[in-house]
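Trainee: Provided below for reference: sequence and predicted model.
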Amino acid sequence: MKNLTRILMICGIMLMVAAPLLAQQAAAGGTYTPSGAAAPTTPAEASSYAQSASSHYGHMNFGSAFGAGLVLIGAGFGIGKIGSSAVESMARQPEVATNVQTAMIISAALIEGATFFALIVCMLFNK
């Protein structure tokens, strides 16, 4: 229970720190203008830009960022567990250390491959 509380606190702090980084700066007139686009000239265009900005950048891909964070946390725990188990088994039976080390590296590589795949999926479906 103590470890779960620690993990939840760390996740909460990371979310609070990341939130200001996702904020968008408004243009001088108080309306959003995409880079390379002309500034709105009428109030209707300004309203359209403001609605476009809030609908596209309002949530700022929170789901993909949260998913990527979960993937990395899970991979870290998995590789940590593999490493600790491998070192413990090497300490108990030093004669099979090379076989255990090979199996550990293969397992860690498979976890890394699954992690990269999950991160790419999070990046592709962020819109």
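Mentor: Perfect, thanks for sending it.

Trainee: helices and strands around the host helix or strand of residue 122, which ones?
Mentor: Using DSSP states H and E, residue 122 sits in helix 97-124. Packing partners of helix 97-124 (3 or more C-beta pairs under 8 Å, 6 or more residues apart in numbering; DSSP states H and E): helix 62-92. To be clear about C-beta, it is placed using only N, CA and C from the backbone, and glycine gets the same treatment.

Trainee: okay, buried residues for the helix holding residue 122 please.
Mentor: Using 16 or more other C-beta atoms under 10 Å as the test for burial, helix 97-124 gives 100, 104, 107-108, 111, 115, 118-119, 122.

Trainee: could these go into JSON lines alongside distance to residue 70 and pLDDT?
Mentor: Listed next are the buried residues of helix 97-124 as JSON lines, based on distance: C-beta to C-beta, whole Å; pLDDT from 0 to 100:
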{"residue": "100", "distance to residue 70": "29", "pLDDT": "94"}
{"residue": "104", "distance to residue 70": "24", "pLDDT": "94"}
{"residue": "107", "distance to residue 70": "20", "pLDDT": "93"}
{"residue": "108", "distance to residue 70": "19", "pLDDT": "93"}
{"residue": "111", "distance to residue 70": "14", "pLDDT": "92"}
{"residue": "115", "distance to residue 70": "11", "pLDDT": "91"}
{"residue": "118", "distance to residue 70": "9", "pLDDT": "87"}
{"residue": "119", "distance to residue 70": "11", "pLDDT": "84"}
{"residue": "122", "distance to residue 70": "9", "pLDDT": "80"}
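
Trainee: which one of the residues you listed is nearest to residue 69?
Mentor: Using C-beta to C-beta, residue 122 comes nearest to residue 69 of those, at 9.1 Å.

Trainee: I'd guessed the closest one sits against residue 67; true?
Mentor: Yes: contact criterion C-beta atoms under 8 Å: residue 122 and residue 67 qualify, at 4.4 Å.

Trainee: what touches both of these two?
Mentor: Applying C-beta atoms under 8 Å, 6 or more residues apart in numbering, one finds that no residue jointly contacts residue 122 and residue 67.

Trainee: need phi/psi at residue 93.
Mentor: Torsion angles at residue 93 (phi, psi; degrees, to the nearest 10) stand at phi -130, psi 90.
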